[in-house]
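Trainee: please find the sequence and the predicted model below.
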Amino acid sequence: MRHLAAAAALLAVVLGVTGFVYGEADDSPGLQFLSALLVIGAVAIGVRVARRTR
């Protein structure tokens, strides 16, 4: 279960970074904001899962 959560968090970070880059190219502040929220949320969930397994 821990590996699945880590993989999902990593996928969310990759999608968020991709969305942020695409939002910069398209000059879309809304997409950049949502992508930043996605990355921050994925990192927070990853940290939470890592702390629970100890």
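Mentor: On my side now, so go ahead. Residues are numbered from 1 along each chain as shown.
Trainee: do you know how far G19 is from R2?
Mentor: Spatial separation of G19 from R2 under the definition CB to CB, to the nearest Å is 26 Å. Glycine gets a C-beta too; all of them are placed from N, C-alpha and C.
Trainee: more neighbours: which of these two?
Mentor: With other CB atoms under 10 Å as the criterion, G19 and R2 differ in neighbour count, and G19 comes out ahead with 19 against 10.
Trainee: helix or strand for that one, which one?
Mentor: Secondary structure here is read from DSSP states H and E; on that basis G19 sits in helix 2-26.
Trainee: just checking, what packs against the helix or strand following that helix?
Mentor: Where DSSP H and E defines the elements, the next helix or strand beyond helix 2-26 is helix 29-52. Counting contacts by 3 or more CB pairs under 8 Å, 6 or more residues apart in numbering; DSSP states H and E, the secondary-structure elements packed against helix 29-52 are helix 2-26.
Trainee: in the protein, where is pLDDT below threshold?
Mentor: For the chain, residues meeting the criterion pLDDT under 70 lie at 1.
Trainee: now the angle from the helix holding G19 to helix 29-52?
Mentor: When axes from the mean of the first three to the mean of the last three CA atoms, to 10 degrees is applied, the directions of helix 2-26 and helix 29-52 differ by 160 degrees.
Trainee: which strands and helices sit next to helix 2-26?
Mentor: In this structure, helix 2-26 packs against helix 29-52, with contacts taken as 3+ CB pairs under 8 Å, 6+ apart.
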